[in-house]
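[1] 3D model of this:
(one chain, ligands or ions: 2)
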Amino acid sequence: MNTNFDLVIFGGTGDLAMRKLFPALFLADTDARLHQGGRIIAAARQALTDEEFRAKVSDALNRFLPKPPSAANLEKFLARLSYFALDVNNPVQYAEMKKSLDARDSQTVFYLSVGPTLFPPIINGLRSAGLNTPDTRIVLEKPLGRDLQSSRDINQLVLSAFAESQVYRIDHYLGKETVQNLLALRFGNTLLEPLWNRTWVRDVQITIAETVGVETRGEFYDSTGAMRDMVQNHLLNLLCMTAMEPPSSLDPDAVRDEKLQVLRSLKPWTQQTLHDDIVRGQYRGGTLKGEAVPAYAAEPGVSPQTETETFLALRTEIANWRWGGVPFFLRTGKRMAERRAEIVISFKSPPHSIFESPLAPNRLVITLQPEENVRLYTMAKAPGDGMRLREVHLDLDFKDFFHERRQDAYERLLLDVLRGNPTLFMRNDEADAAWRWVQPMLDHWTTSNLSPAAYGAGSWGPPAASRLTARDGTAWHEELGG
Ligand code: NDP
Ligand code: BG6
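    Residues are numbered from 1 along each chain as shown. Ligands and ions are numbered 1, 2, ... in the order given. Sure, this is the predicted structure:
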């Protein structure tokens, strides 16, 4: 990293900063990827000295890094950090912040690691202090608003103070190594492309299942739900990377133009599909990995009468020549049976079978976590007499080939912001198209007053989720033995 920088993290004492941002920055620093003069300034209301703040970060690094930091690396990293106490609603304090930033010839980045209701005072504060100069960058954490209108209001406000090229709307799923590998797999090989369409693909499933509940974020989650927290951003981005046409280059806008086309081609909702093609769920108490866990409604910060969904499965289609008629199933949930994020492409069965054994459809499974690998399920002859076919799989495990350290998603994205590469960030029109598709679902739930279906913690969601795939003559990957 050759550019000197000042990275200001609003919300720099929060959960995201401590669990993800500082560990990611530490790893980048340890790999000598940060300019040696780069400064990281955390801003929040709590009164803390620099030393007290550094002690907090040191504690977080010890807890959240894969292995404890060495004393030398820790000391070097902590020396970059300082703390600036401010209430973002107080416009006066931005002028003070400006004094310390003006004194340096460096790239300034403002990272808004706060809830979206604090975006307007911060953007207005930066503008009134003249901190929105053309060479600054601003990073907006998700969720970008609560609905189409509030996201438009935020985008309008941010674009009144910064140019689109200065705005980095972050979605950490786009920074995950395997998501990048999806580009390599699809566009660095010729093997898959002829099959990657409605002629050969039977259905596509994209799942992000978590075993965690809402942990310390009950209050935030209860006003958010799985649709806003996971589907509107992470799942739709994975869908775009899976379904988009080959971009003309890796130029940021070439990639983002193709993603946008997918979002614009998502089949519009009708009253019928809103009713039939979406399953909302909420976890009840249950057992996970042998331990009893409480119901969502009993989690700290959650209303006992909550109607928020902690699980969502839906069926959609992409109305274009490549994908017309192919079901795309998206699914996410908290407190599910396993932590698993995967994209499953199921191929059509052979048009005529010469075997007595039933033929399971070929499936290509791209796993993002907990491991990063690609598995192809195929049919093979079982040893012995006769032609008995059995399903086997070919595995491509990236760790067998690459021994370099895997970059964390936030690490990659923070470095991209510092370098000025927006490819893996959402453009305004992408965010808008995603919200436009999501809004009818939110409206439907408000007007229909439907409660989410119950599912036991530690399960794969409500039974209705299995009926959703069964209607298309298919089943979720784990139900097929994956
Ligand atoms: P937290 O509630 O843990 O942190 C909020 C931060 O904002 C704290 O540093 C708080 O410090 C500061 N803050 C709150 N009000 C003010 C104010 N008026 N002036 C100045 N600072 C203020 O939230 P998270 O870190 O969990 O989340 C931050 C954002 O990131 C949210 O939008 C969340 O949705 C998003 N996000 C979070 C993820 C996570 O895993 N936590 C994952 C992905 C996105 P203080 O109270 O001292 O002012
Ligand atoms: C965040 C959501 O964006 O992504 C969390 O707010 C969720 O609710 C998290 O747990 C999942 O990210 P990962 O990388 O742990 O799968």
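[2] what about Leu185, how many neighbours?
    Neighbour count of Leu185, defined by other C-beta atoms under 10 Å: 16. Placement of C-beta: from N, CA and C, glycine included.
[3] could you do Glu52 as well?
    Neighbourhood size, Glu52 [other C-beta under 10 Å]: 11.
[4] could you number the chain from 883 rather than 1 from now on?
    All set: I'll call the first residue 883, so the last point we hit is now Glu934.
[5] chain neighbours aside, what residue packs nearest to it?
    Leaving aside its chain neighbours, Glu934 sits nearest to Tyr965 (7.6 Å; criterion: C-beta to C-beta, 6 or more residues apart in numbering).
[6] report the strands that pair with the host helix or strand of that neighbour, each with its relative direction.
    Taking DSSP states H and E as the criterion, Tyr965 maps to strand 963-967. Counting by DSSP bridges, the strands paired with strand 963-967 are strand 921-926 (parallel).
[7] local confidence estimate at Phe1283?
    Predicted confidence (pLDDT) for Phe1283: 89.
[8] whoops, Thr885 was the one
    For Thr885, pLDDT reads 85.
[9] mind listing what the residue lying farthest from the centre of the chain touches?
    Ranked by distance from the centre of the chain (C-alpha atoms, centre = their mean), the top residue is Asp1267, with 48.9 Å. By C-beta atoms under 8 Å, 6 or more residues apart in numbering, the contact list for Asp1267 is empty.
[10] pLDDT wise, what is it at?
    90.
[11] what sits up against the worst-scoring helix or strand of the chain on mean pLDDT?
    Of the helices and strands making up the chain, the lowest-confidence element is strand 1168-1170, at a mean of 86, by mean pLDDT, DSSP states H and E. Strand 1168-1170 is contacted by residues 1093, 1174-1175, 1217, 1219, 1338-1341 when judged by C-beta under 8 Å, 6+ apart.
[12] so how do I select the buried members of the residues you listed in PyMOL?
    Entered in PyMOL, the line below selects the buried ones among the contacts of strand 1168-1170, by 16 or more other C-beta atoms under 10 Å:
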select buried, resi 1093+1175+1217+1219+1338+1339+1340+1341
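[13] re earlier: helix, strand or coil for the residue farthest from the centre of the chain?
    With DSSP: H, G, I helix; E, B strand; the rest coil as the basis, Asp1267 sits in coil.
[14] so Leu1212 is in which element?
    Going by DSSP H and E, Leu1212 is in strand 1210-1215.
[15] what does Asp1298 give?
    Using DSSP H and E, Asp1298 maps to helix 1291-1301.
[16] just Tyr976 next, same as before
    Under the assignment here (DSSP H and E), Tyr976 is part of helix 974-984.
[17] ok, now Leu1250?
    strand 1245-1251.
[18] contacts for the next helix or strand after that strand?
    Using DSSP H and E, the helix or strand that follows strand 1245-1251 towards the C-terminus is strand 1255-1263. Strand 1255-1263 is contacted from outside by 1063, 1067, 1239, 1241-1242, 1244-1249, 1269-1280, 1364, using C-beta under 8 Å, 6+ apart.
[19] what residues does stretch 1029-1044 touch?
    By C-beta under 8 Å, 6+ apart, the residues outside stretch 1029-1044 that reach it are 998, 1001-1002, 1005-1006, 1008-1009, 1014, 1018, 1020, 1022, 1026-1027, 1049, 1310, 1313-1314, 1317-1318, 1320-1321, 1324.
[20] which of those fall within strands?
    Within the contacts of stretch 1029-1044, membership in strands is found for 1020, 1022, 1049, as judged by DSSP state E.
[21] pLDDT at the last one, what is it?
    Spelled out, that is Val1049. Taking Val1049 on its own, its pLDDT is 98.
[22] distance of it relative to Arg1270?
    Distance of Val1049 to Arg1270, given as C-beta to C-beta, to the nearest Å: 58 Å.
[23] which of those two has more residues huddled nearby?
    It is Val1049, of Val1049 and Arg1270, that has more neighbours when counted by other C-beta under 10 Å, with 21 against 12.
[24] ligand 1 contacts on this protein?
    Counting by C-beta under 6 Å from any ligand atom, the chain comes close to ligand 1 at 893-899, 926-928, 968-971, 995-997, 1000, 1023-1025, 1099, 1102.
[25] please pick the buried ones from the residues you listed.
    Looks like the residues of the chain next to ligand 1 have 893-896, 898-899, 926, 968, 970, 995-996, 1000, 1023-1025, 1099 buried, using 16+ other C-beta under 10 Å.
[26] show residues contacting the lengthiest helix in the chain.
    Taking DSSP state H as the criterion, the chain has its longest helix at helix 1310-1330. Around helix 1310-1330, the neighbours that count as contacts under C-beta under 8 Å, 6+ apart are 1026-1027, 1029-1030, 1033-1034, 1037, 1041, 1046, 1049, 1051, 1109-1110, 1113-1115, 1118, 1122, 1138, 1141-1142, 1145-1146, 1148, 1150-1151, 1156-1157, 1160, 1162, 1196, 1308.
[27] hang on, the earlier thing: so how do I select the buried members of the contacts of strand 1255-1263 in PyMOL?
    In PyMOL, a selection of the buried entries from these looks like this (16+ other C-beta under 10 Å):
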select buried, resi 1063+1067+1242+1244+1245+1246+1247+1248+1249+1271+1273+1364
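[28] for the residue of the chain found nearest ligand 1, which residues are in contact?
    Proximity to ligand 1, evaluated over the chain using C-beta to the nearest ligand atom, is greatest for Gly896 at 2.3 Å. With contact taken as C-beta under 8 Å, 6+ apart, Gly896 is in contact with 926, 995-996.
[29] and the strand holding Leu1212 with ligand 2, contact?
    No. Under the criterion of C-beta under 6 Å from any ligand atom, strand 1210-1215 makes no contact with ligand 2; the nearest approach is 8.9 Å.
[30] what's the average pLDDT for that strand?
    On average, strand 1210-1215 scores 98.
[31] the very next helix or strand once past it pairs with which strands, parallel or anti?
    Next helix or strand after strand 1210-1215 toward the C-terminus (DSSP H and E): strand 1222-1229. Here strand 1222-1229 has these sheet partners by DSSP bridges: strand 1083-1091 (antiparallel), strand 1245-1251 (antiparallel).
[32] list of residues touching strand 1222-1229?
    The list of residues contacting strand 1222-1229 from outside it, by C-beta under 8 Å, 6+ apart, reads 1064, 1077-1078, 1082-1091, 1120, 1124, 1243-1252, 1356, 1359, 1364.
[33] can you turn the buried part of the contacts of stretch 1029-1044 into a ChimeraX selection?
    Selection of buried members from the contacts of stretch 1029-1044 for ChimeraX, criterion 16+ other C-beta under 10 Å:
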select :998,1001,1005,1006,1008,1009,1014,1018,1020,1022,1026,1027,1049,1310,1313,1314,1317,1318,1320,1321,1324
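[34] so the residue nearest to Glu934 makes contact with Ala929?
    No. Tyr965 is beyond contact range of Ala929, at 9.4 Å (criterion: C-beta atoms under 8 Å).
[35] which one of the two has more residues nearby?
    Tyr965 (21 against 8).
[36] so the more buried one bridges to which residues?
    Residues in beta-bridge contact with Tyr965 (DSSP bridges): Ala924.
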